[in-house]
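K.L.:
One predicted model, sequence on top.
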Amino acid sequence: MIIGVSRRTDIPAFHSEWFMNRLRAGYVLVRNPFYKHIVYRIELNPKDVDCLIFISKDPEPMFKYLDEINRIGFNYIFQVTITPYGKDIEPGVGNKKDVIDSFIRLSERIGKERTIWRYDPILFNDSIDIEYHEKKFAEFCDRLEGHTERCVFSFLDSYPKLKQQIREGKLRETTESEMESVGEMLAPIARRYGIEMTSCCTKYDLSKYGIQKRGCLDKEIMRKLNIPYEVCSVPVRKGCLCVKNSDVGTYDTCDHNCIYCYANTVSSDQRSKKRYDPNGEMLTGHVGKDDKIVQIKGSAVTKLTDFF
């Protein structure tokens, strides 16, 4: 079983203490975001967990726990998002230089093959064009050379919640011409620095530039690292090629406040009222009398786990 930590929130940045307490306890409770009265009890021990996949814009808070995670015996990978946007787009994300420094230290500690760079999403507006991406991407590649083998990206999806940002000109739809330019201009830069560029959930075919369509949590890296995996029978979203994984995060619990984020559906003021108990079985809330607890352990997966 592969554990996603997490697509729904940034657990390393904001909830690392809670997650470590769940690893020590050996299980976590996660409410299904689609069927609210189903709660999964996911066993968290090296016998049942083949890999932890940390997804974060700030991995630094997890560093103090890595030795303990190693002692417990977990296999793990980090995917760290480093994008070229400012506080107008990503108001809660830290200084990108600091994130790059953390990425480099993480890579030196766990290996470049286990430290994946996410340049995601690629977006455009009146002040962010292909030349801007070309310049910033080259700068990032120069810093990350030798510290990662892969960069995964996707283009901005225009979710309904982004209508206001699009009306205000903060974001806009990506054109096919811009997608073509991304492949033509950015892929050769990545290769120059020894980084493979792969896309996730992109509608446009960029294979002529050597860009493969692969999942964020893809089969190739699982095979390379000898991590058992299962193919996901219900994709997370259209075009998703990720392997099956159980996500232990909860929506509306991330304070990066990125304006393009699909995982936050309420305002930051509403999120600030949530109670986080670092010793809680769930990231937020508790099991109610009408809830049904479904056990997930090892390879005993069901169709329900595809909703992760």
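P.N.:
Cool, the structure landed. Numbers count the residues shown, from 1 in each chain.
K.L.:
What ranges does the stretch 201-308 of the chain have for its helices?
P.N.:
219-224, 268-272 (DSSP state H, counting those that start in this stretch).
K.L.:
and those, which one's lowest on average pLDDT?
P.N.:
Among the helices of the stretch 201-308 of the chain, helix 268-272 carries the lowest mean pLDDT, at a mean of 70.
K.L.:
Backbone dihedrals for the spatially most central residue of the chain, please?
P.N.:
Nearest to the geometric centre of the chain sits Ile55, at 3.7 Å (CA atoms, centre = their mean). For Ile55, the backbone dihedrals (degrees, to the nearest 10) come out as phi -120, psi 120.
K.L.:
Most tightly packed of the helices of the stretch 201-308 of the chain?
P.N.:
Highest mean neighbour count of the helices of the stretch 201-308 of the chain: helix 219-224, a mean of 16 (counted as mean count of other CB atoms under 10 Å). (Each C-beta comes from the backbone N, C-alpha and C, glycine too.)
K.L.:
tell me how far that one is from the chain's mean position?
P.N.:
17 Å (CA atoms, centre = their mean, to the nearest Å).
K.L.:
Check stretch 111-122 too.
P.N.:
10 Å.
K.L.:
Need the distance between the two termini of that stretch.
P.N.:
This stretch, stretch 111-122, spans 26 Å end to end (CA to CA, to the nearest Å).
K.L.:
Kindly report the same for stretch 34-46.
P.N.:
First-to-last residue span, stretch 34-46, CA to CA: 28 Å.
K.L.:
Dump the helices of the stretch 201-308 of the chain to TSV, plus distance to Tyr260.
P.N.:
Formatted as TSV, the helices of the stretch 201-308 of the chain follow (distance: least, CB to CB, whole Å):
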stretch	distance to Tyr260
helix 219-224	25
helix 268-272	15
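K.L.:
which stretch among those comes nearest Gly249?
P.N.:
Smallest distance to Gly249 across the helices of the stretch 201-308 of the chain (CB to CB): 13.6 Å, for helix 268-272.
K.L.:
Ok, which of the helices of the stretch 201-308 of the chain comes nearest Ser107?
P.N.:
Each of those has some distance to Ser107 by CB to CB; the shortest is helix 219-224, at 14.7 Å.
K.L.:
now what about that closest one, what contacts it?
P.N.:
Residues external to helix 219-224 that are found in contact with it (CB atoms under 8 Å, 6 or more residues apart in numbering): 2, 51, 77, 113, 116, 150, 214, 227-229, 231, 241, 243.
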